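J.: Pasting the sequence and the predicted coordinates here, then a few questions.
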There are 2 protein chains.
Amino acid sequence: MFKVNDNYLKLPGSYLFSTIGKKVSAYSAAHPEAKIIRLGIGDVTQPLAPAIIEALHSAVDEMGKAETFHGYAPDLGYEFLRNAIAEQDYKARGCEISADEIFVSDGAKCDCGNIQEIFSLDNRIAVCDPVYPVYVDSNVMAGRTGTYDSGTETWSDVIYMPCTADNGFAPELPSKTPDLIYLCFPNNPTGAAIGKAQLQEWVDYANKVGAVILYDAAYEAYISEPDVPHSIYECEGARTCAIEFRSFSKNAGFTGVRLGFTVIPKELKAGDVSLHALWARRHGTKYNGAPYIVQKAGAAVYTEAGREQLKKQVAYYMNNARYIYEGLKEAGYTVSGGVNAPYIWLKAPNGMTSWEFFDYLLEKVNVVGTPGSGFGPSGETYFRLTAFGTYENTVEAVDRIKNMKL
Amino acid sequence: MFKVNDNYLKLPGSYLFSTIGKKVSAYSAAHPEAKIIRLGIGDVTQPLAPAIIEALHSAVDEMGKAETFHGYAPDLGYEFLRNAIAEQDYKARGCEISADEIFVSDGAKCDCGNIQEIFSLDNRIAVCDPVYPVYVDSNVMAGRTGTYDSGTETWSDVIYMPCTADNGFAPELPSKTPDLIYLCFPNNPTGAAIGKAQLQEWVDYANKVGAVILYDAAYEAYISEPDVPHSIYECEGARTCAIEFRSFSKNAGFTGVRLGFTVIPKELKAGDVSLHALWARRHGTKYNGAPYIVQKAGAAVYTEAGREQLKKQVAYYMNNARYIYEGLKEAGYTVSGGVNAPYIWLKAPNGMTSWEFFDYLLEKVNVVGTPGSGFGPSGETYFRLTAFGTYENTVEAVDRIKNMKL
């Protein structure tokens, strides 16, 4: 008789954003007249930039003709895209990453969730707390996290690195030694960023203890301060200890287009086993490439027109971030983030828990945010708002919150 | 110090099609003048049908306007696509499958590779031999297959079900009881199909022993004989024992577009744990949906125009299949398949091994096929040719083989 993977049954509740989706649907069904504004899930609202639309149309035309039709993509992704990435995301920033160290995929969520597969099941993971739920949940599913304590809402075998107001939402080096360290900067959910010197400390630490840093740089396009690194490969020694994940979801609005990539330098090895080779084997065996038309759209992100148009799109969202940050601050909330990231992190007022504030906002002013506790125990009493709404909705949501009786 | 997943290191050689790709590249580099015809990898050559191109352009236009832009897709896929699938692939064939039992994905390879994750690591798998390498390799990576014997080229914990000329390339019920049974009909690589009564035996067996059938129906569009089932849900009792994988790669030429789906009926349970719920959790945690534009292209497959155009595309490839089958038979080869599937399975001549014949064909007549031994030990001395080339190339390849000195 077949049996299921018991690790799945250890997962408490459902995936955070599914729960939010259900709560909002239920409220909406009960109050069909309510004009709900969603600043919860990090989904974008601006249409694809003209350069990307043009690239998509042209790639679609190619797929309609035998001479230019494209079937299975090369395992790592098309060279035209990997070359553009290597050149503009890395070489231009002084990072030594070659095109054949880049694996094109259908998004950073999948890559972040799948990467743990190439590591031993007894490897110990360290995560920031609060943190994007996929890092921990994918390790729970694999059986790497021990037992769950529903009181503390923590896993026995996970090393949590609290990111709180006390440390400026920047994790400290862990006291127990991890094998795999998940870092995400600019951070989701707190919106915090760290400087190059701080990141260098992590790289040095990882090289010293023999850990791998799994570096999620999905929000790098939102960096506005000069000292904040866009890639972990700006740090010396990162090629022997770091894997980097990138996404087109937030810099180019590809949440519904699906494109991302993972960088694994060839020097990153356990003994003589290269992680690059293992990931290549996984890609070849369990994945079949991102669509040709989507990879062409990705290449358009790197054209002059694409860059120009997307700079404006990012600025549009960062203008929202400023509006939220300043509006809530003015209204007396404790807020952070929003400077190098499209997320604003605020303290729930009046001692409310995160979910209490979620329900309160939804019911009183029909605004949807994300409860901080959904990202980990240190997120409790915090709340995340995203800058990915339209400007009009963002303004209205902030005004509603400002006028809300507490 | 971090450690890698040792199971990866147990995998012998590289993924079959990567090896073929490298061999062909090397030959091509050494003989730049050679006009190589590829009938190896199952990649299509015909351009996307006009109805699909039209749907893609229209979806791209939607993505360029704020009012019709689409961000993150719903977890299971868009309803417009799942409804069309439920209606036309299932209800129209008398199968009771509802839209919310369908999970849209970026392809059957990914789904076939990932599905094993929701099962216990001590579950025993049974596979046809020869078989699509992804089923076994993905279980090797998870650690479910025991040790590899390089002499017999088999894994100690895998139940092999030989499919040979003796049993008409249809597996017999295994003597040891498996927990998970991978079946693929019409079959890749042999091109064989089984009738409804035969498939019913498998469903009855699985229900009796408490096994799950993982049914890969990627080639159902190529079925030409009336008694061959298009879906396992045509069999009574399949809702309590079967998961079905479908692909748009071969019926609509989506190898470079990437779309597929998996069906998990809600009755399929281990105790009170529903596999549907586990897969939904995996989808929600480690996947982020197929692109909106690709799902719209998928929906076009089900329109009247799409159906009409794709019927012709399938007929085009099946005409190639007939040409290969008849040409090789005429030339004295032992051939099967090609009637309900786009694959022709032939015996290597003169006692050659599969790889010897691969090299021979590549060198003598510049035709690329797939060595049968790459699909499992019972595939040794066999060879797979696909019907997915252009008609002109197919004719030329067959003529070259017919004229080849042996």
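T.: Thanks, I have it. Since we're looking at a predicted model, the values are computed, not measured. Numbers count the residues shown, from 1 in each chain, chains lettered A, B, ... in the order given.
J.: Can I get stretch A:227-247 in PDB, CA atoms only?
T.: The C-alpha trace of stretch A:227-247 is given here as PDB (Å, rounded to 0.1, in the frame of the first residue of the first chain):
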ATOM      1  CA  ASP A 227      26.400  51.300  -0.700                       C
ATOM      2  CA  VAL A 228      23.900  48.500  -1.100                       C
ATOM      3  CA  PRO A 229      25.200  45.600  -3.200                       C
ATOM      4  CA  HIS A 230      23.100  44.400  -6.100                       C
ATOM      5  CA  SER A 231      24.700  41.000  -6.200                       C
ATOM      6  CA  ILE A 232      26.500  38.900  -3.600                       C
ATOM      7  CA  TYR A 233      29.200  38.400  -6.200                       C
ATOM      8  CA  GLU A 234      30.300  42.000  -5.500                       C
ATOM      9  CA  CYS A 235      31.800  40.500  -2.400                       C
ATOM     10  CA  GLU A 236      35.200  38.900  -2.500                       C
ATOM     11  CA  GLY A 237      35.100  35.100  -2.100                       C
ATOM     12  CA  ALA A 238      31.400  34.700  -2.900                       C
ATOM     13  CA  ARG A 239      32.300  32.400  -5.800                       C
ATOM     14  CA  THR A 240      33.200  29.700  -3.400                       C
ATOM     15  CA  CYS A 241      30.200  30.000  -1.100                       C
ATOM     16  CA  ALA A 242      27.200  31.600  -2.800                       C
ATOM     17  CA  ILE A 243      24.300  30.700  -5.100                       C
ATOM     18  CA  GLU A 244      22.300  33.700  -6.200                       C
ATOM     19  CA  PHE A 245      18.600  33.800  -7.300                       C
ATOM     20  CA  ARG A 246      17.200  36.500  -9.500                       C
ATOM     21  CA  SER A 247      13.700  37.200 -10.800                       C
END
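J.: Spell out whether that stretch and chain B are in contact.
T.: No: if you take Cβ under 8 Å from any Cβ of the partner chain as the test, stretch A:227-247 misses chain B, and the best it gets is 9.2 Å. Glycine gets a C-beta too; all of them are placed from N, C-alpha and C.
J.: Give the buried residues for that stretch.
T.: By 16 or more other Cβ atoms under 10 Å in any protein chain shown, the buried positions in stretch A:227-247 come out as A:228-235, A:238-239, A:241-247.
J.: Also stretch A:44-64?
T.: Buried, per 16+ other Cβ under 10 Å, within stretch A:44-64: A:44-49, A:51-57, A:59-60, A:62-64.
J.: and if you look at stretch A:129-138?
T.: Neighbour-count burial for stretch A:129-138 flags A:129-138 (criterion: 16+ other Cβ under 10 Å).
J.: In JSON lines, list the residues you listed along with pLDDT and secondary structure.
T.: Formatted as JSON lines, the buried residues of stretch A:129-138 follow (pLDDT from 0 to 100; DSSP: H, G, I helix; E, B strand; the rest coil):
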{"residue": "A:Asp129", "pLDDT": "97", "secondary structure": "strand"}
{"residue": "A:Pro130", "pLDDT": "97", "secondary structure": "coil"}
{"residue": "A:Val131", "pLDDT": "96", "secondary structure": "coil"}
{"residue": "A:Tyr132", "pLDDT": "94", "secondary structure": "coil"}
{"residue": "A:Pro133", "pLDDT": "93", "secondary structure": "helix"}
{"residue": "A:Val134", "pLDDT": "95", "secondary structure": "helix"}
{"residue": "A:Tyr135", "pLDDT": "98", "secondary structure": "helix"}
{"residue": "A:Val136", "pLDDT": "97", "secondary structure": "helix"}
{"residue": "A:Asp137", "pLDDT": "96", "secondary structure": "helix"}
{"residue": "A:Ser138", "pLDDT": "98", "secondary structure": "helix"}
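J.: Of the residues you listed, which are in range of chain B?
T.: Restricting the buried residues of stretch A:129-138 to those touching chain B (Cβ under 8 Å from any Cβ) yields A:133-134, A:137-138.
J.: List the contacts of the helix or strand of chain A with the lowest mean pLDDT.
T.: Lowest by mean pLDDT, DSSP states H and E among the helices and strands of chain A is helix A:16-30, with a mean of 91. The contact list for helix A:16-30 (Cβ atoms under 8 Å, 6 or more residues apart in numbering or on different chains) reads A:13-14, A:34, A:36, A:38, A:40-41, A:133, A:358-359, A:362-363, A:368, A:370-371, A:374-375, B:75, B:284.
J.: can you rerun that using 10 Å?
T.: A:13-15, A:34, A:36, A:38, A:40-43, A:132-134, A:137, A:189, A:355, A:358-359, A:362-363, A:366, A:368-371, A:373-375, B:72, B:74-75, B:280-281, B:283-285 (Cβ atoms under 10 Å, 6 or more residues apart in numbering or on different chains).
J.: returning to what we had before: now distance to B:Gln309 too, for the ones next to chain B among the buried residues of stretch A:129-138, in JSON lines please.
T.: Converted to JSON lines, these look like this (distance: Cβ to Cβ, whole Å):
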{"residue": "A:Pro133", "distance to B:Gln309": "43"}
{"residue": "A:Val134", "distance to B:Gln309": "39"}
{"residue": "A:Asp137", "distance to B:Gln309": "42"}
{"residue": "A:Ser138", "distance to B:Gln309": "40"}
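J.: Sort out which one of the residues you listed lies nearest chain B for me.
T.: Of all these, chain B sits closest to A:Asp137, with 4.9 Å by Cβ to the nearest Cβ.
J.: Contacts only, for that closest one.
T.: Applying Cβ under 10 Å, 6+ apart to A:Asp137 gives the contacts A:8, A:11-12, A:15-16, A:113, A:145, B:281-282, B:284-286.
J.: From the ones next to chain B among the buried residues of stretch A:129-138, pick the one nearest A:Leu385.
T.: A:Pro133 (17.5 Å; Cβ to Cβ).
J.: The closest one contacts B:Lys286, correct?
T.: No: applying Cβ atoms under 10 Å, one finds A:Pro133 not in contact with B:Lys286, separated by 11.2 Å.
J.: Output the set of residues of the stretch 251-400 of chain A in proximity to chain B.
T.: Within reach of chain B by Cβ under 10 Å from any Cβ of the partner chain, the stretch 251-400 of chain A has these residues: A:253-260, A:268-271, A:273-275, A:277-295, A:297, A:388, A:390.
J.: Which ones among those residues map onto helices?
T.: Using DSSP state H, A:275, A:277-286, A:292-295, A:297 are the members of these that sit in helices.
J.: Beyond the helix or strand hosting A:Ala321, next helix or strand please.
T.: If you go by DSSP states H and E, A:Ala321 is part of helix A:304-330. As assigned by DSSP H and E, the chain's next helix or strand after helix A:304-330 is strand A:335-337.
J.: And the pLDDT for A:Ser14?
T.: Note on A:Ser14: pLDDT of 69.
J.: and what of A:Glu87?
T.: pLDDT for A:Glu87: 98.
J.: residues in contact with it?
T.: Here A:Glu87 is in contact with A:97, A:99, A:302 (Cβ under 10 Å, 6+ apart).
J.: Give me the residue ranges of chain A where confidence is low.
T.: Applying pLDDT under 70 to chain A flags the ranges A:14.
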